[in-house]
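A.B. asks: coordinates only, sequence not included:
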């Protein structure tokens, strides 16, 4: 039986695509909905092309974070997993109560280093010799949940930020579907 999942994204949607189009995952998951907080995000069109329902919201349309998260919870009830793929909002404890240990995030750093935004740039500017990607469970702390998997690249002095960013995205696109598949297989 396929696992019912949601993907939350805010932007381009490259990780969304890699999950949605992964041939090994097609037999294992059903993406029930894309949740997006940016009405202009290219990921919305990518979901529509794949006939995946979308829920697009603006936090400005709600009185509080709890109000819009309550609305999201109505859309994602009874799912097995939520995968964050470039979702640029912090998930509150209120939301986490409903999905303990089933919300997974991908972050472009070797956590616990460089939590939050602009992680690749921060690591690059700190002259890190190794930069990578972490996949972790979401908890109350930003990028602070238990790490599921990490993968890294070595960075040389001649590497540009653009080159490193491209390499990190390539790792993300390979690692996230692999980890999702592994999690689901272990659970079956």
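C.D. replies: In hand now; what should we look at? Here the structure is a predicted model, which is why all the values come from computation and not from measurement. Numbers count the residues shown, from 1 in each chain.

A.B. asks: and the biggest helix by length in the chain, how far from the chain's centre?
C.D. replies: Counting residues, the longest helix found in the chain (DSSP state H) is helix 161-187. Between the centre of helix 161-187 and the centre of its chain there are 10 Å (CA atoms, centre = their mean, to the nearest Å).

A.B. asks: Please apply the same query to stretch 131-148.
C.D. replies: How far stretch 131-148 lies from its chain's middle: 10 Å, per CA atoms, centre = their mean.

A.B. asks: can you check stretch 143-150 too?
C.D. replies: Averaging C-alpha positions (CA atoms, centre = their mean) puts stretch 143-150 12 Å from its chain's average.

A.B. asks: before we move on, what about stretch 122-138?
C.D. replies: 15 Å.

A.B. asks: what comes up buried for that stretch?
C.D. replies: The neighbour-count criterion (16 or more other CB atoms under 10 Å) identifies 122-124, 128, 131-138 as the buried residues of stretch 122-138. Using the backbone N, CA and C atoms, a C-beta is placed for each residue, glycine as well.

A.B. asks: Average pLDDT for the longest helix of the chain, rounded please.
C.D. replies: For helix 161-187, mean pLDDT is 95.

A.B. asks: same thing with stretch 110-123?
C.D. replies: Stretch 110-123 shows a mean pLDDT of 97.

A.B. asks: Enumerate the positions of it that are buried.
C.D. replies: Neighbour counts using 16+ other CB under 10 Å place 110-111, 113-114, 119-120, 122-123 of stretch 110-123 among the buried residues.

A.B. asks: Next, the buried residues of the helix or strand residue 67 falls within.
C.D. replies: Using DSSP states H and E, residue 67 maps to helix 65-75. Residues 68-69, 72 are the ones in helix 65-75 that count as buried (16+ other CB under 10 Å).

A.B. asks: cool, and stretch 90-97?
C.D. replies: 91, 95-96.

A.B. asks: So for that stretch, first residue to last residue, what's the gap.
C.D. replies: Taking CA to CA, to the nearest Å, the first and last residues of stretch 90-97 lie 14 Å apart.

A.B. asks: average model confidence for it?
C.D. replies: On average, stretch 90-97 scores 93.

A.B. asks: Need the contact partners of that stretch.
C.D. replies: For stretch 90-97, contacts defined as CB atoms under 8 Å, 6 or more residues apart in numbering pick out 65-66, 69-70, 72-73, 84, 103, 138-140, 142.

A.B. asks: Now render the residues you listed as a markdown table, adding distance to residue 35 and pLDDT.
C.D. replies: Below are those laid out as a markdown table (distance: CB to CB, whole Å; pLDDT from 0 to 100):
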| residue | distance to residue 35 | pLDDT |
| --- | --- | --- |
| 65 | 14 | 92 |
| 66 | 16 | 92 |
| 69 | 10 | 95 |
| 70 | 13 | 94 |
| 72 | 6 | 96 |
| 73 | 10 | 95 |
| 84 | 10 | 98 |
| 103 | 12 | 97 |
| 138 | 14 | 97 |
| 139 | 19 | 95 |
| 140 | 20 | 93 |
| 142 | 18 | 94 |
